[in-house]
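> dropping the sequence and predicted coords here.
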Amino acid sequence: MKIVLLAPPGAGKGTQGHRLAEHFGARHIATGDLLRAEIRRDSPLGGQVATLVARGDLVADDLVLEVMIPVVRDAVRTGGYVLDGFPRTLPQAQAAYEAAKDIGAVADVVVYLNVGQAELVRRLLARAQVQGRADDTAEVIGHRLAVYAQATRPLLDYYADRGLVLEIDGEGAVDAVNAEMVRRLSDVVPSATTVPMRKDARKPS
Ligand code: AMP
């Protein structure tokens with residue numbers, strides 16, 4: 001199964017993405033987690049993105065695509081993906097589609113987790129107590145929600161035009177939201193996955 005999770009910060013993409021991936025035997029790919037790992041490793045990429053991530057600004061499309069496209073390609077060969085936090089801009093979505101279309105990697109469905117603003121802020125501030133993420137301060141949270149509204153929310157129309165959006169009410173408890181997602185997703189049939197033939201694969205006799 002190939003799923004894109006589209007939702008504002010704090011809607012539960014991480015938790016629900018992890019569970020969905022387990023349920024469907026797909027790989028949970030969280031762009032923010034990949035970027036934070038680079039920052040922790042102090043890699044050249046980590047150095048380039050650290051300030052942006054801490055401020056809640058988006059990382060340049062080219063950099064994100066460079067990180068994501070190989071990981072997505074790989075996931076498609078092994079059970080599909082649940083993308084959490086990617087694409088986040090229209091150019092990312094368009095480039096991802098171009099890279100995916102010839103290899104059977106285009107998303108089957110875009111799950112839009114709908115959670116109201118007040119609940120988002122409440123959850124993000126609660127998470128700040130537990131995880132201590134640099135970008136979970138009240139000020140940065142406000143900025144991230146504004147960035148989402150401006151850069152990412154328009155993707156809903158882009159995907160709705162292609163008939164891909166499944167809207168889920170994300171305000172409930174984790175288990176209830178998860179059950180509803182799984183129930184609604186069971187009607188979605190995964191499109192064929194292209195598995196490149198190994199060079200040494202023997203022809204059938
Ligand atoms: P997240 O963990 O999804 O909330 O992402 C944390 C931060 O990583 C974001 O605020 C951005 O700075 C950066 N980031 C994550 N995904 C993307 C993306 N697709 N495009 C640009 N920046 C991203």
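All right, it came through fine.
> does the lowest-mean-pLDDT helix or strand in the chain reach the ligand?
Here the helix or strand of the chain ranked lowest by mean pLDDT, DSSP states H and E is helix 117-131, holding a mean of 91. No - Helix 117-131 stays out of contact with the ligand when judged by C-beta under 6 Å from any ligand atom, the minimum separation being 9.3 Å. Any C-beta I mention is one placed from the backbone N, CA and C, and that applies to glycine too.
> next SSE after that helix?
Later in the chain than helix 117-131, the nearest helix or strand by DSSP states H and E is helix 138-147.
> what does this protein have sitting close to the ligand?
9, 31-32, 35, 52-53, 56-59, 64, 85-86, 88, 92, 135, 144.
> in helices, which of the residues you listed fall?
The members of the residues of the chain next to the ligand that map onto helices under DSSP state H are 31, 32, 35, 52, 53, 64, 92, 144.
> and the second one, how far from residue 17?
Distance from residue 32 to residue 17, counting by C-beta to C-beta, to the nearest Å: 11 Å.
> can you check the fifth one too?
When distance is defined by C-beta to C-beta, residue 53 is 18 Å away from residue 17.
> please name the nearest non-neighbouring residue to the closest residue to the ligand within the chain.
Nearest residue of the chain to the ligand (C-beta to the nearest ligand atom) works out as residue 32 at 2.0 Å. Excluding the flanking residues, the one nearest residue 32 by C-beta to C-beta, 6 or more residues apart in numbering is residue 85, at 4.9 Å.
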